[in-house]
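>>> When you get a sec, could you give me coordinates for this:
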Amino acid sequence: MISKFLTVLAAAVAVVLAAASAATADPPTRTLVPPPPTFTGEFCPGVDVQVTAVIANQYVLAFSNGSFITTGRLVGQVTNLSTGKSVVVNASGPGFQGPDGSFTARGLTLVFLTPGTIAPGSPATTYILSGVLSFAADGTVTQIGHVTDICSQIT
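Down below sits the predicted model:
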């Protein structure tokens, strides 16, 4: 259910956290997050789409209890590979990881999913959520806020 973008962001943060000290008395550490890779797939119904970071200047503030906050600027370009039509979107978050593995994205979050990601038979979708997207440690996903459909802007 997690979008590939959030999965890669979480993986990049995990790499940063692995390098950070885990001693309980340590102050938080601030580290630059590596830019995410380019993604290509059917992220809109019947349309191959490319998602690329055009600005990736995010930092993670890692705490000794295993939690972290990701802040900074992340701007993505979403392109219809058949027509070349694209849109640039702000997806700067921020994101919060709890020590239990839960993750919450607040503010602007770019979500792009292939068919069947949400449930068997669910369509591909790409959207910006202005609100809160939470992934609980038990796998529960909740979303609250305004959704802006990106597929309708590039098809």
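>>> neighbours around Asp100, how many?
Neighbour count of Asp100, defined by other Cβ atoms under 10 Å: 11. Using the backbone N, CA and C atoms, a C-beta is placed for each residue, glycine as well.
>>> Leaving out sequence neighbours, find the closest residue to it.
Ala137 (4.3 Å; Cβ to Cβ, 6 or more residues apart in numbering).
>>> Next: Leu129.
Leaving out its chain neighbours, the residue that sits closest to Leu129 by Cβ to Cβ, 6+ apart is Thr109, at 4.7 Å.
>>> so which helix or strand takes in that neighbour?
Using DSSP states H and E, Thr109 maps to strand 103-113.
>>> neighbouring strands for that strand, and are they parallel or not?
Next to strand 103-113 in the sheet, as set by DSSP bridges, lie strand 93-97 (antiparallel), strand 125-135 (antiparallel).
>>> Give me the residues contacting it.
3-6, 10, 39, 41, 43, 49, 51, 76, 78, 89-98, 122, 124-135, 150 (Cβ atoms under 8 Å, 6 or more residues apart in numbering).
>>> again with stretch 135-154
Here stretch 135-154 has contacts from 1-2, 6, 43-45, 47, 49, 78-80, 83, 85-87, 89, 98, 100-104, 110, 112, 124-134, using Cβ under 8 Å, 6+ apart.
>>> Give me the buried positions along that stretch.
Within stretch 135-154, the residues that qualify as buried by neighbour count (16 or more other Cβ atoms under 10 Å) are Phe135, Ile150, Cys151, Gln153, Ile154.
>>> Could you point out the longest strand of the chain?
strand 47-62 (DSSP state E).
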